[in-house]
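Colleague: Any chance you could fold what I've pasted below:
(one chain, ligands or ions: 2)
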Amino acid sequence: MVVFFLKWEWREAAEMNVAFEKEAVVPVMRRTLMREREEVSRQGVGGVRTRGFCSAVVLDDDSLLRPPINGGTSKVPFWLPYLTSPTRRPLVSPTNAGGHSTALKIDGKATSQEIKRDLSKQVAWMKEKVGSVPGLAMIRVGDRKDSELYVHVKQVACEEVGIKSFVTHLPGSASEDDLLAVIQRFNNDSRVHGILVQLPLPNHIHQNTVLSGVDLEKDVDGINPINVGRLAGVESSDPTFVPCTPLGCIELLSRYGISMEKKEAVVIGCSNVVGFPTAVLLQKNKASVTIVEVDTPNPTEATRRADIVVSATGVPQLVRGNWLKPGAVVIDVGTTAIEDPEMESGFRVIGDVCFEEAERVASAITPVPGGVGPMTTAMLLSNTLKAAQRRYGLTSR
Ligand SMILES: NC(=O)C1=CN([C@@H]2O[C@H](COP(=O)(O)OP(=O)(O)OC[C@H]3O[C@@H](n4cnc5c(N)ncnc54)[C@H](OP(=O)(O)O)[C@@H]3O)[C@@H](O)[C@H]2O)C=CC1
Ligand SMILES: Nc1nc(=O)c2c([nH]1)NC[C@@H]1CN(c3ccc(C(=O)N[C@@H](CCC(=O)O)C(=O)O)cc3)C=[N+]21
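Modeller: Numbering: from 1, shown residues only. Ligands and ions are numbered 1, 2, ... in the order given. Next comes the predicted model:
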C-alpha cells in the first residue's frame, strides 16, 4: 500500500478547490485521486505532515482519508487509515523495497521483564527489612481510552513486582483545584512513595501548575518543573528523579552496549517530558546532541549525520528510511493511538518511525510496540522503589 501525506493546510486545500467531506474516510473517484497525487509529486512533499494542521492521506486503493473539518486551523488528531490498513500491514511501503533488514531489534519488552524481575527481588527484600512495600499513586482525569490503557498497564506492572498501586479517576469536568486536592492527599499519605499524574490533562487544567503540586520526594515521573529545571542545570541541586521515558531510552542503549560517547545524536521533538530530558541525558553521556523541532528548516540535514536518532513527536511515520545514515541506531519513542476495531481496546499504537524503511538502513532499532513503552513503565517502577528506599533510609540519593 502507498500512503501519501499531503502537506496542505485546509486553507491551501480550499484554494485548490478540493471538495471537503464531513466523514473521516471518503472514497474518491480515481480521477480525483490522480489529480491529487500529481499535486503531491509536484510539491514533492510525500511523507511529511505540516505541524498541527489537518492533512489528507491518499491511499492506493482509491480512497482518500481526511480528518473531519473543524474550522480549518485548529489542531486535529491525525488518524491513519485504520479502515484500510489492517493491524500488521506496513502503513508506508518501503522506498528501497529491494533491500533487506540487517538491523538488530532492540527488545524493550524483554529488557523490561529482566528489570522487573530484579525489582521484584528488591521489593521483597524491602518488605522483609521494613515491613512495607513501595506505593505508587496514579491520577487520571477524563475518559481518554489510551490513558485508561496506560494506567492499567502500569497497575499490572506494579502488581507483578509487588508495588502497591492507588488509582484515582476524576471526571473530565474536574477542576484544577479538585486535582490539586487529590495530589495533596497523596503527598500526605505515608503509604504512597510515588505520584504520577497521567498526561495529557484536559485543556482547562494547567499542566505545570498541577505537576508543581507533586511533592519532589514523590515525583517519580520526574516532570515537576523544578526537577526538569534541575536536570537542565538551571538550579544548583540534582533532580530528585529523572523522567522515565528518557531513562528508558538511555537504559536500552546501555544494555545493548551502544556507546553514546563522541557520537552524534539527534533528538526529534523537545517536550519537557520526553525530548528535552532525553537530549540532556544523551549529552551527559557525552554525545554531541542536536535537537530537531517542528520549525527546524531542514531536519534531514541533521538526522542524516546522526549515529543515534531518537524521535519523540507523536507524528506517525515522520522518520523515513532516507532520513537516516546507514548504520544509525534508531529509538522510536512515539506512540500515537490509532483506531483499530480489530483490537480489544479499539486502538493500537504506532511509532514516529517508518519501521519497514528504517530497519533496512539502521544498525539497531526499537519497534513500536515492544520498544521504549515497556521501558518507561519499568523505569517508573524503579523510581518508585528508589523513592521508598529513600523514605526508609535504605539508600542515599
Ligand atoms: N513510549 C513511551 O513510553 C512514551 C511515548 N510517548 C509518546 O511520545 C510522543 C511525544 O510525546 P510528548 O513529548 O509528550 O509530546 P508533545 O506533544 O508534548 O511534544 C512533541 C514534540 O514534538 C515536536 N514536534 C511535533 N511535530 C514535529 C515535527 N514534524 N518535527 C519535529 N518536531 C515535531 C513538538 O513541537 P511543538 O511543541 O513546537 O509542536 C514537541 O516538541 C507521543 O507520541 C507520545 O505518545 C510519550 C511518553 C512516553
Ligand atoms: N505523566 C505521564 N507520564 C508518562 O510517562 C506518560 C504520560 N503521562 N502520558 C502518556 C505517555 C505515554 N506513555 C506510555 C507508557 C507506556 C507505553 C507502553 O507500554 N506501550 C506498550 C504497548 C501498550 C499496549 O498496547 O498494551 C508498547 O509500546 O509496547 C506506552 C506509552 C507514558 N506516558
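Colleague: From start to finish, how long is stretch 280-291 in a straight line?
Modeller: Taking Cα to Cα, to the nearest Å, stretch 280-291 runs 10 Å from one end to the other.
Colleague: List the buried residues for that stretch?
Modeller: Residues of stretch 280-291 classed as buried: 280-282, 285, 287-291 (neighbour count, 16 or more other Cβ atoms under 10 Å). (Glycine included, C-beta is placed from N, CA and C.)
Colleague: again, but for stretch 336-347
Modeller: Across stretch 336-347, burial judged by 16+ other Cβ under 10 Å covers 336-340, 347.
Colleague: same for ligand 1: which of those are within range?
Modeller: Thr336 (Cβ under 6 Å from any ligand atom).
Colleague: Relative to ligand 2, how far out is the residue nearest to Gly327 when sequence neighbours are not counted?
Modeller: Excluding its sequence neighbours, the residue lying closest to Gly327 (Cβ to Cβ, 6 or more residues apart in numbering) is Ser363, at 4.5 Å. For Ser363, the distance to ligand 2 under the criterion Cβ to the nearest ligand atom, to the nearest Å works out to 21 Å.
Colleague: Quick one: residues contacting Ser363.
Modeller: Under the criterion of Cβ atoms under 8 Å, 6 or more residues apart in numbering, the neighbours of Ser363 are 102-104, 327-329.
Colleague: Would you list the buried entries among the residues you listed?
Modeller: By neighbour count, with 16+ other Cβ under 10 Å, the contacts of Ser363 hold 103, 328-329 as buried.
Colleague: The helix or strand where Lys129 lies vs ligand 1: in contact?
Modeller: Here Lys129 is covered by helix 108-130, with elements defined by DSSP states H and E. No - using Cβ under 6 Å from any ligand atom as the criterion, no contacts between helix 108-130 and ligand 1 are found, and the smallest distance is 8.6 Å.
Colleague: quick revisit: of the buried ones among the contacts of Ser363, the lowest pLDDT goes to which?
Modeller: Across the buried ones among the contacts of Ser363, the member with the lowest pLDDT is Ala103, scoring 93.
Colleague: Thought Thr366 was touching that residue, still the case?
Modeller: No - applying Cβ atoms under 8 Å, one finds Ala103 not in contact with Thr366, separated by 10.1 Å.
Colleague: anything in contact with each of these two?
Modeller: Residues touching both Ala103 and Thr366 by Cβ under 8 Å, 6+ apart: Val330.
Colleague: And the residue most central in space within the chain, what's its pLDDT?
Modeller: In the chain, the C-alpha nearest the mean C-alpha coordinate belongs to Gly334, at 3.7 Å (Cα atoms, centre = their mean). pLDDT recorded at Gly334 is 97.
Colleague: Can you lay out the buried ones among the contacts of Ser363 as a markdown table showing distance to ligand 2 and secondary structure?
Modeller: Shown next, in a markdown table, are the buried ones among the contacts of Ser363 (distance: Cβ to the nearest ligand atom, whole Å; DSSP: H, G, I helix; E, B strand; the rest coil):
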| residue | distance to ligand 2 | secondary structure |
| --- | --- | --- |
| Ala103 | 18 | coil |
| Ala328 | 21 | coil |
| Val329 | 18 | strand |
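Colleague: Let me know the closest of those residues to Pro239.
Modeller: Pro239 lies nearest to Val329 out of these, by Cβ to Cβ, at 25.6 Å.
Colleague: Quick one: low-confidence residue ranges for the stretch 251-397 of the chain.
Modeller: Across the stretch 251-397 of the chain, residues meeting the criterion (pLDDT under 70) sit at 396-397.
Colleague: what about the helices in it?
Modeller: Counting by DSSP state H, counting those that start in this stretch, the stretch 251-397 of the chain has helices at residues 275-284, 299-303, 355-358, 372-391.
Colleague: Export the ones you listed to a markdown table and append columns for distance to Ser132.
Modeller: Compiled in a markdown table, those are given as follows (distance: least, Cβ to Cβ, whole Å):
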| stretch | distance to Ser132 |
| --- | --- |
| helix 275-284 | 30 |
| helix 299-303 | 47 |
| helix 355-358 | 43 |
| helix 372-391 | 7 |
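Colleague: Export the ones you listed to a markdown table and append columns for distance to ligand 1.
Modeller: A markdown table is the format used below for these (distance: least, Cβ to the nearest ligand atom, whole Å):
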| stretch | distance to ligand 1 |
| --- | --- |
| helix 275-284 | 5 |
| helix 299-303 | 6 |
| helix 355-358 | 14 |
| helix 372-391 | 3 |
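Colleague: Can you tell me how far Gly241 is from ligand 1?
Modeller: One thing to correct before we go on: residue 241 is Phe, not Gly. Applying Cβ to the nearest ligand atom to Phe241 and ligand 1 gives a distance of 15 Å.
Colleague: How many residues are close by the nearest residue to that residue once chain neighbours are set aside?
Modeller: By the measure of Cβ to Cβ, 6+ apart, the closest residue to Phe241 outside its immediate chain neighbours is Gly222, 4.1 Å from it. Residue crowding around Gly222 was assessed by other Cβ atoms under 10 Å; the count is 25.
Colleague: That concludes my questions; thank you for your assistance.
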